[in-house]
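Asks: sharing a model prediction with you, sequence too.
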Amino acid sequence: MIVGTAGHIDHGKTSLVTALTGVAGDRLKEEKRRGITIDLGFAFLPLPDGSTLGFIDVPGHERFVHTMVAGASGIDIALLAVAADDGVMPQTREHLAILDLLQIGRGVIAITKADLATPERLSEVSAQIREATAGTVLDGAEILPVSSVSGQGVDRLREWLVAEAKALGERATDGRFRLAVDRSFTLAGIGVVVTGTVLSGVVRVKDQVLVSPSGLSARVRSLHAQNREVEAGRAGDRCALNLAGEGISKEAIRRGDMVIDPFLHAPTERIDARLRLLPGEPKPVGQWFPARLHHGATEVGARVVLLDGEQLLPGHAADVQLVLDKPIAAASLDRFVLRDVSAQRTIGGGQFFDLRAPTRQRRTAARETQRAALALSDPREAFAALLDAPPFAWDLAAFARDRALSASKRNEVADALSPILFHADEQSIAIGHSHWHSFVEGLVERLDAFHAANPDLQGMGREKLRVSLQPKLPPAAFSLALQHADVTGRVVRDGAFVRLTSHSLHMSPEREALWQRVAPLLGGDVRFRPPRVRDVAGLLARPEQDIRQLMKFAARLGLVDEVAHDHFFLRPTMHDMVLIAADLAAHAADGSFTAAQFRDRIDSGRKVAIQILEFFDRQRVTLNRGTLRRVQLQYIDLYGPVP
Ligand SMILES: Nc1nc2c(ncn2[C@@H]2O[C@H](COP(=O)(O)OP(=O)(O)OP(=O)(O)O)[C@@H](O)[C@H]2O)c(=O)[nH]1
């Protein structure tokens, strides 16, 4: 459990942490000198049950925002200090706003330096606090007067924190590992060390991790959590990782990077989010508003694109797209804070919901449904809602990755919803049952309509079919869908084409008429040396392309065979030639014949005769052994029944 301090400068935060933990400032300094345990502003209070309560206390205002945001998922309990003499000050309000934006709802307010105040002053400050916290996450929070000098109220505050920590219990660690790096340095004899807050999951010694967004791989050589060498660091822990790997140096890893489970690596620079503008903002936010985005320990330039309406008024919230200057490593539902471009003032903040937001979003009902689904916090509910949002097919693997879900959580989602799943490449495309059924129906209907309109085409081009269906599946998933048991039996894949099992080819009347003129040219005396496509085109004064198309189609119908490029023989001629080959073989003592013998029988050119025999070889009608050929009797009825 981590307690994060907040409050105006000099309001006694550090003194209070020292009073609560007994860890004096000079002791922290000494630890700093010793090396790996360094964590400026870190103190730990051992609890009776053996666990520890950690305190993040960062002096200096600017770094506060960073740390606050970095610890967003790391801070479990907020400790807001308000000095009895000053009362509520501007930074008290800003820190309160940030706690609110980050939705850190557990917290206590300490009126520090109580020794300096009269009871009247204390109730005056109490009233100020009540007014300032009204409507925020700390509305109604406990207010305790304390003094680090006299010790007044310190025990009570400690008891309150311990009880709260107990009530909160262990943090869930079932997500995948993410650590927001706030420092990176080298230690002599140890190597590169990074420190940060574990945002989710668990990290263990020897784990393979990845630095994101850079993509560098590293191995965890050793790790410290809560200032002790440990085997594992968990969500909420302050960790120091000793990393080793190619290219790993203190310069290669910077504050703002994430160290993550390699599975999660997918940096993004375009994020859809829910943004709340603070009520005290002087102006509304308009399109392409420039700001600084704080997320984890990262700070990056961002532009705000409003997705509904043209401006966002102070005190209001809206869906926006954040277009970042450079990619960051984030997870869906992470919280963020926006500050003005000079990083002087907090403007607002909120929560990410879509890390793969489309570039130019039209304001469609479909996109609204998607956004609403993606914003749901429960992963099962969110994915169920997604399956009902266009395009009705969603990659469960990407969804799980963007939410940093563990494999078991992801399986829970899949088990609860039991969608139709297609595993292709890295993707796991999921479709809900009702949408799958309409997909299959749509597929059959589409092909049916296509065959009716194009009776002389063997089927619909696979790609054209894919993009015409809902859900529009990615190519690999579509290919798998065509092999699904619900589809096979009704639909046939035929090379690049897809057709209904029931579909058979017919010539259109125009084609039939042309065929009636072409067929006689291929038969009769010239049947063993029929004219080629170009010659037929010349004879009929038709474009070559028309004749070629007709011939290809006739080949699909089994009327002709293309023995060589553009050289088509009538099917009965093919059959005659097989019988000639069989006759030659039957009359030879060793059952073999030569190409020359065959050429003499069909009275054609030598080149054509060889092309025909090679074609037969490919069809396995003949077997080529050097200059001699045999006939394979089991194939001689390929082109017609043998008497
Ligand atoms: N009288 C009195 N003075 C206090 C008390 N707590 C802190 N102070 C004094 O207030 C000043 C600021 O205390 P810090 O604890 O450093 O305050 P801080 O909020 O940590 O300061 P920053 O980190 O700079 O924001 C110091 O001079 C302390 O001695 C207290 O309970 N009573």
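Replies: Thanks, I have it. Numbering: from 1, shown residues only.
Asks: okay, CA-based contacts and neighbour counts for the rest of this
Replies: Fine.
Asks: dihedrals phi and psi, residue 189?
Replies: Dihedral angles of residue 189 (phi, psi; degrees, to the nearest 10) stand at phi 80, psi -10.
Asks: just the one 3 residues further on next, same as before
Replies: With angles defined as degrees, to the nearest 10, residue 192 shows backbone torsions of phi -80, psi 130.
Asks: what helix or strand does the nearest residue to it once chain neighbours are set aside sit in?
Replies: Counting by Cα to Cα, 6 or more residues apart in numbering, residue 186 is the residue found nearest to residue 192 once chain neighbours are left out, at 4.4 Å. Using DSSP states H and E, residue 186 sits in strand 178-187.
Asks: give the partner strands of that strand in its sheet and their orientations.
Replies: Neighbouring strands of strand 178-187 in its sheet, by DSSP bridges, are strand 191-200 (antiparallel), strand 258-260 (antiparallel).
Asks: show me the contact partners of the helix or strand encompassing residue 630.
Replies: According to DSSP H and E, residue 630 maps onto strand 628-631. Contact with strand 628-631 is made by 581-582, 585, 591-595, 621-624, as judged by Cα atoms under 8 Å, 6 or more residues apart in numbering.
Asks: list the buried residues for that strand?
Replies: Neighbour-count burial for strand 628-631 flags 629-631 (criterion: 16 or more other Cα atoms under 10 Å).
Asks: so the spatially most central residue of the chain: helix, strand or coil?
Replies: Most central in the chain under Cα atoms, centre = their mean is residue 398, positioned 2.9 Å from the mean C-alpha point. Under DSSP: H, G, I helix; E, B strand; the rest coil, residue 398 falls in the helix class.
Asks: please apply the same query to residue 222.
Replies: Taken by three-state DSSP, the conformation at residue 222 corresponds to strand.
Asks: ok, residue 637 next?
Replies: Applying three-state DSSP: residue 637 is coil.
Asks: contacts only, for it.
Replies: Shown in contact with residue 637 (Cα under 8 Å, 6+ apart): residue 575.
Asks: can we see that at 10 Å?
Replies: Applying Cα atoms under 10 Å, 6 or more residues apart in numbering to residue 637 gives the contacts 575, 578-579, 621, 643.
Asks: go on, residue 456?
Replies: By Cα under 10 Å, 6+ apart, the residues touching residue 456 are 504-509, 511, 553, 556-557.
Asks: got it, and residue 494?
Replies: Shown in contact with residue 494 (Cα under 10 Å, 6+ apart): 458-462.
Asks: what pairs with it across the strands?
Replies: Following DSSP bridges, residue 494 is listed with bridge partners residue 497.
Asks: please apply the same query to residue 55.
Replies: Under the criterion used (DSSP bridges), residue 55 bridges to residue 3, residue 43.
Asks: for it, what are its contacts?
Replies: With contact set as Cα under 10 Å, 6+ apart, residue 55 has these partners: 1-5, 14, 17-18, 20-21, 41-45, 75, 77-79, 238.
Asks: keep only those of those residues that are in strands.
Replies: Using DSSP state E, the members of these that fall within strands are 2-5, 42-45, 77-79, 238.
Asks: quick one, strands of the stretch 1-150 of the chain?
Replies: Listed in chain order, the strands found in the stretch 1-150 of the chain under DSSP state E, counting those that start in this stretch are 2-7, 42-46, 52-56, 77-83, 107-112, 142-145.
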